[in-house]
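> Sequence first, predicted coordinates after that:
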Amino acid sequence: METLFKNLQQKHVCILGDLYLDEFIDCSAAGLSSEGPYPELVIEEKHLLPSVAGYIATLLSAWGVRTTLIAMTGRDHHARIVKEQLQGYGVNTSKILQSKTMLTKSQTRIRVRGDHYPSREITTLRTRTSPPLTGSQTDQIIKHLKKTAADCDAFVIADKDGNILTDDITEAIESLARQHGILKIGDPATRITALNNFDALVVNEDQLLQQIRDEDDRGRAARRLQQETACSALYLTLGAAGILYSDGREQQQVPTETHDVFDVTGAGESVAAAVTLGALQKIGPLETAKLANLVAGVAISRPGLAMFSVEDIIHQYHALQARQWAAKVVDLDELVNLTGQAKKEDKTVVWTNGCYDLVHAGHILYLEKAKSLGDILIVGLNSDRSVRLSKGPNRPIVPESQRAKLMSALSFVDYVIVFDDQSPLNIIDKIKPHIYAKGGDYDINSINQEERTLVEGYGGKIVLLPGVRGMSTTNLIEKILKTYKDEQ
């Protein structure tokens, strides 16, 4: 995770879109007004933050990316405030245009808390929709795009109101991107199909259904939209259900972790910022979707348009990893349910088992090979009692709780189950894996013959994976003892 944020100061992103100033007013309820039948609120706190294109720009800038924002504001008090806010986060605001005929776009969210209920939003005040761009404004935006293109790595389009994406501007973006090799990431609310041949598009479920009206299945609808726009990857945000990506070759839904949701404001823009980061660092769509889920999780766990750092994201990642590792160690009932669901989804279940005492490179290479045989790799881990029965009273060196944690930390291991008998025959019988893998020096006649008969009986496949010569726990222990003996 840490490597994703390296060398970002060398990247330059130009964000084009709608710039809003969001005001959050936190109040407490003071009862009914004495002047009429309406509630009286006492203002406790105010926060002003750039939103939409401005929020994407501030997030990327906070993570170390050089950012330039191209947008329209009015010539009013809010325009001055939003520019000062952006500059405070290191965003280049020299390409922001001002118009005498419009108000700077703003949203005021009023949140109220009482003695017996938590803070909740009761109303939002918005400026009216801005008029379409004039020919002169369009020309100025294209001029700014051309000036930034020479050293730009990515264009990000965040069009909330549907006025920025004129035909002339989209043609200019396409031409400049092709000429300079610039990535294109779109986060449009309307006119989605105008963003053709983009490297990535971010849409939510409502936006998808507005474009693909005759399709009930969101997976098929996402695939169709990805094909119609010819984008390299489409990221469909599904709220608590996570993110579904479609890239023309495969489609996968990446579930989100359960979070304490404080405020969903800015969740979509945080996904767009994360997708931009994934494109800049050239990671695949699956890893990008995982990153976007992670970033959105940080955003919604904080009030308003929360600014958060690289350190906050990495902290969230490590906390998530710890929860996932803990969830990998399962009991038999859980494993039966998990493998049953995997089989319903036509996933291939692979089983292997062993002591895995003093884990070494030979174990890692073997488990990687075992994982490559299917979709779900389950490691049966001999308990301490089981190891003593087979290896003698001095083993294991590492207790089962620590061995289970080590196995869980391996990305290619999906589930770990600790068993107390010398053979996991009962577990294999209950879950009936598609593939039974065995490593080391085993051959078909030296593996446990009861296990062999069981697997062959239900139609499972036995795969023998050769070990790496000289790599074994016994050899490792002998080498350690010899080394310390020689030193003495």
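Received the coordinates, thanks.
> tell me, how many neighbours does the closest residue to residue 1 other than its chain neighbours end up with?
Once flanking residues are discounted, residue 1 sits nearest to residue 317: 4.6 Å by Cβ to Cβ, 6 or more residues apart in numbering. For glycine as for every other residue, the C-beta is placed from the backbone atoms N, C-alpha and C. Residues contacting residue 317 under the criterion other Cβ atoms under 10 Å number 19.
> how far away is residue 313 from residue 70?
According to Cβ to Cβ, to the nearest Å, residue 313 and residue 70 sit 26 Å apart.
> Then residue 203?
Plainly put, residue 203 is 22 Å away from residue 70 if you go by Cβ to Cβ.
> Compare the two (neighbour count), which wins?
Taking other Cβ under 10 Å, residue 203 and residue 70 do not tie; residue 70 has more neighbours (29 against 24).
> Report the beta-bridge partner residues of residue 50.
Going by DSSP bridges, residue 50 is paired in beta bridges with residue 21.
> beta partners of residue 13?
Applying DSSP bridges to residue 13 gives these bridge partners: residue 67, residue 154.
> what's the answer for residue 120, then?
Applying DSSP bridges, one finds that residue 120 bridges with residue 112.
> Pull the contacting residues for it.
111-113 (Cβ atoms under 8 Å, 6 or more residues apart in numbering).
> One more pass at 10 Å, please.
By Cβ atoms under 10 Å, 6 or more residues apart in numbering, residue 120 lies in contact with 111-114.
> next one: residue 181
Per Cβ under 10 Å, 6+ apart, neighbours of residue 181: 149, 152-153.
> May I see those residues organised as TSV, with distance to residue 126 and pLDDT added?
Listed next are the contacts of residue 181 as TSV, based on distance: Cβ to Cβ, whole Å; pLDDT from 0 to 100:
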residue	distance to residue 126	pLDDT
149	33	95
152	31	96
153	33	97
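> Buried ones among these?
Neighbour-count burial within these applies to 149, 152-153; the criterion is 16 or more other Cβ atoms under 10 Å.
> who are the neighbours in contact with residue 409?
Per Cβ under 10 Å, 6+ apart, neighbours of residue 409: 321-322, 324-325, 328, 359.
> go on, residue 406?
Per Cβ under 10 Å, 6+ apart, neighbours of residue 406: 325, 356, 358-359, 363, 381, 398, 413, 416.
> Could you point out which of those is nearest to residue 432?
residue 416 (18.5 Å; Cβ to Cβ).
> Would you agree the closest one is in contact with residue 325?
Yes - using Cβ atoms under 10 Å, residue 416 is in contact with residue 325, at 9.3 Å.
> Who has more neighbours out of the two?
When residue 416 and residue 325 are compared for neighbours, residue 416 comes out ahead with 23 against 18, by other Cβ under 10 Å.
> How is that one assigned, secondary-structure-wise?
Put simply, residue 416 is strand when judged by DSSP: H, G, I helix; E, B strand; the rest coil.
> Check the residue nearest to residue 1 and give its pLDDT.
Predicted confidence (pLDDT) for residue 317: 74.
> Helix, strand, or coil at it?
Per three-state DSSP, the secondary structure class of residue 317 is helix.
> List the contacts of residue 376.
By Cβ under 10 Å, 6+ apart, the contact list for residue 376 reads 338-339, 341-343, 345, 347-351, 413-415, 433-435.
> partner residues bridging it?
Counting by DSSP bridges, the residues bridging with residue 376 are residue 349.
> separation between residue 135 and residue 455?
73 Å.
> With residue 382 instead?
Taking Cβ to Cβ, one finds residue 382 at 19 Å from residue 455.
> What of residue 339?
From residue 339 across to residue 455, the span is 14 Å (Cβ to Cβ).
> One more: residue 155?
With the distance defined as Cβ to Cβ, residue 155 ends up 55 Å from residue 455.
> again with residue 160
The gap separating residue 160 from residue 455 is 57 Å, by Cβ to Cβ.
> cool, and residue 310?
Separation of residue 310 from residue 455 (Cβ to Cβ): 48 Å.
> which of the two has more neighbours?
Neighbour count, other Cβ under 10 Å: between residue 310 and residue 455, residue 455 has more, with 22 against 16.
> Helix, strand, or coil at that one?
Applying three-state DSSP: residue 455 is helix.
> So it sits against residue 424, correct?
No - at 11.5 Å, residue 455 does not count as touching residue 424 under the criterion of Cβ under 10 Å.
> Spit out the residues that contact those two alike.
351, 448.
> so where do the strands sit in the stretch 151-300 of the chain?
154-158, 183-186, 200-204, 234-237, 243-246, 251-254 (DSSP state E, counting those that start in this stretch).
> Provide the strand pairings for the second one, with the direction of each partner.
According to DSSP bridges, strand 183-186 has the following sheet partners: strand 154-158 (parallel), strand 200-204 (parallel).
> Find the residue ranges of the stretch 251-400 of the chain scoring beneath the pLDDT cut-off.
Applying pLDDT under 70 to the stretch 251-400 of the chain flags residues 257-266, 300-306, 324.
> try it again with 50
Applying pLDDT under 50 to the stretch 251-400 of the chain flags the ranges 259-263.
> Mind splitting this structure into its structural domains?
Following automatic domain parsing, one finds the domains of the chain at 2-21+50-98+131-324, 329-487.
> Redo the ones you listed as a markdown table? Include distance to residue 42.
Output for these, formatted as a markdown table (distance: least, Cβ to Cβ, whole Å):
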| stretch | distance to residue 42 |
| --- | --- |
| domain 2-21+50-98+131-324 | 18 |
| domain 329-487 | 50 |
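> tell me the most buried of the ones you listed?
Of the domains of the chain, the one with the most neighbours on average (mean count of other Cβ atoms under 10 Å) is domain 2-21+50-98+131-324, at a mean of 19.
> Now do it: distance to the chain's middle.
Mean C-alpha position of domain 2-21+50-98+131-324 versus that of the full chain (Cα atoms, centre = their mean, to the nearest Å) differs by 14 Å.
> just stretch 25-45 next, same as before
40 Å.
> Repeat that for stretch 407-421.
24 Å.
> For that stretch, the averaged confidence score.
91.
> all strands for the stretch 1-150 of the chain, in order.
Ranges of strands within the stretch 1-150 of the chain are 12-17, 19-32, 39-52, 66-70, 72-74, 97-99, 106-113, 120-126, based on DSSP E, counting those that start in this stretch.
> These into JSON lines, with extra columns for distance to residue 80 and mean pLDDT?
Formatted as JSON lines, those follow (distance: least, Cβ to Cβ, whole Å; pLDDT from 0 to 100):
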{"stretch": "strand 12-17", "distance to residue 80": "20", "mean pLDDT": "96"}
{"stretch": "strand 19-32", "distance to residue 80": "10", "mean pLDDT": "90"}
{"stretch": "strand 39-52", "distance to residue 80": "11", "mean pLDDT": "91"}
{"stretch": "strand 66-70", "distance to residue 80": "15", "mean pLDDT": "97"}
{"stretch": "strand 72-74", "distance to residue 80": "9", "mean pLDDT": "93"}
{"stretch": "strand 97-99", "distance to residue 80": "10", "mean pLDDT": "93"}
{"stretch": "strand 106-113", "distance to residue 80": "12", "mean pLDDT": "91"}
{"stretch": "strand 120-126", "distance to residue 80": "19", "mean pLDDT": "89"}
